[in-house]
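> sequence and predicted structure are below.
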Amino acid sequence: MSTFNFVGKIVPVKDTEKFKGYTETVYDSKWMKQRLVFNLVAGDNRHLVEINAGKWQDDKKNSVIYTMSRATEGKKSEKIQIPWSERNNPESINKVAGNRIFTIDTDYFAHRKELEEAGNTAALEESNKKRRHFLASTDFCDFAKKVVYSDKIKNWTFRVSGNIVYTYNEKSGRYYQSYEVNKIYRVDEKTEPTCDINIPFYFAEGFMDKDSVEETGKAIMSGYTDFYDSNTESKWFCPITLVMRADAEVIDVTEELLNNFEDSEICKAVLSCKAINGAQKRDIKVEDLDERTQKAIKAGVMSETQAIRNAGGQVYGERIQEIRFDELVKHSEPTAYTLENCIEKPHKKEEDVDIFNDSDDDSDDI
């Protein structure tokens, strides 16, 4: 599964007539769906992330939570059921695997460490209360809504993480991507903004397009990533394009390291990437300066270095939206999959209609 880990500022979306930051939908079945959408601004990048939750409007129908147990020494994680009425009991939460727990923490580790070292037990106890764990997505969504729309957090920095969810709309024939949050931690303000994502990358020979490296300084990596489709209850592959920005030699070495096909048609590697979405800063060039300053440089009455320094040294370029390859997390290995497996699109029987995913919105179209 693809995951993301963003560090930056939480910024609520501006509500419009067609798009709201928070919505509740109740279906004829009395199933209630909640959706909270907000921005995570990490340096020059801005990403739309979301929390999707649901429960029966009649609380009596919410009998249990199906989840996975915490792995203990000598015992693997297994399927368990937590009674709905016990979902916020600390003992119940402690039984559940960490990756199945939703967490919001509005204090940060360094502050707790200071309180601990100072022996301020009362303040430490209050700080620990700010770390909240949830088993129900609706409880998590309700509390996250309070945090997102609170004026107190405007200047705070958060680490927001979760899963990258891919879906396929059979009606439009398009794949969609969303960043679905399951953990929100406040971090020290000195923490550098990041937009890290980890992707299982499946690819065939010829995946690296290096034709424009000399001109653009980048290569295009074409492949697929796997995802679980809830409509068909099966695993499928979503086409994905990555960008590698490096010199030709580094790109050649990377391609060589990933080529490990042997007798297989498709290889798999785990890649760490950066999710870029925004105007990126670049160094100012002479041609970026106004005509008067350029004349001063040509006349020799102002140095190029001084002119660039006066202009601020850097300028925002064009808006870039790309998934940029950063590091190799796990070496490539052959798989039993074929290209035909990867290009096949999810399909379901006509009677399997998904009433919870009927949107034709293509704002996140990939």
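Received the coordinates, thanks.
> residues near the closest residue to Ala204 other than its chain neighbours, how many?
If you skip the residues right next to it in sequence, Ala204 has Leu339 as its closest partner in space, 5.3 Å away by Cβ to Cβ, 6 or more residues apart in numbering. Bear in mind the C-beta positions are built from the backbone N, C-alpha and C, glycine included. Neighbour count of Leu339, defined by other Cβ atoms under 10 Å: 15.
> I'd like the distance between Leu339 and Leu328.
From Leu339 over to Leu328 the distance is 22 Å, taken as Cβ to Cβ, to the nearest Å.
> not counting sequence-adjacent ones, nearest residue to Cys195?
Distances taken as Cβ to Cβ, 6+ apart place Ala275 nearest to Cys195, at 4.4 Å, with adjacent residues excluded.
> thought that neighbour was touching His47?
Yes: in this structure Ala275 lies within contact range of His47 using Cβ atoms under 8 Å: 6.3 Å.
> need the per-residue pLDDT for Gly162.
With respect to pLDDT, Gly162 scores 96.
> that one pairs with what?
With DSSP bridges as the criterion, Gly162 is bridged to Phe4, Val181.
> now swap in Thr241 and tell me
The residues listed as beta-bridge partners of Thr241 by DSSP bridges are Ser222.
> Lys218 is in contact with that one, correct?
No: in terms of Cβ under 8 Å, Thr241 does not count as a neighbour of Lys218; the distance is 11.5 Å.
> more crowded one of the two?
Neighbours were tallied for Thr241 and for Lys218 using other Cβ under 10 Å; the higher tally belongs to Lys218 (18 against 12).
> name the nearest residue to the more buried one, sequence neighbours excluded.
Computed as Cβ to Cβ, 6+ apart, the closest residue to Lys218 that is not its neighbour in sequence is Arg245, at 4.6 Å.
> with Ile184 instead?
The spatial neighbour of Ile184 that comes closest, neighbours along the chain excluded (Cβ to Cβ, 6+ apart), is Ile104 at 4.7 Å.
> now Gln321: which helix or strand?
Secondary-structure assignment from DSSP states H and E places Gln321 in strand 314-334.
> identify all contacting residues around the helix or strand following that strand.
Beyond strand 314-334 in the direction of the C-terminus, DSSP H and E gives the next helix or strand as helix 339-343. With Cβ atoms under 8 Å, 6 or more residues apart in numbering as the test, helix 339-343 has contacts from Tyr202, Ala204, Tyr224, Phe237, Pro239, Glu265, Ile266.
> no further questions, thank you.
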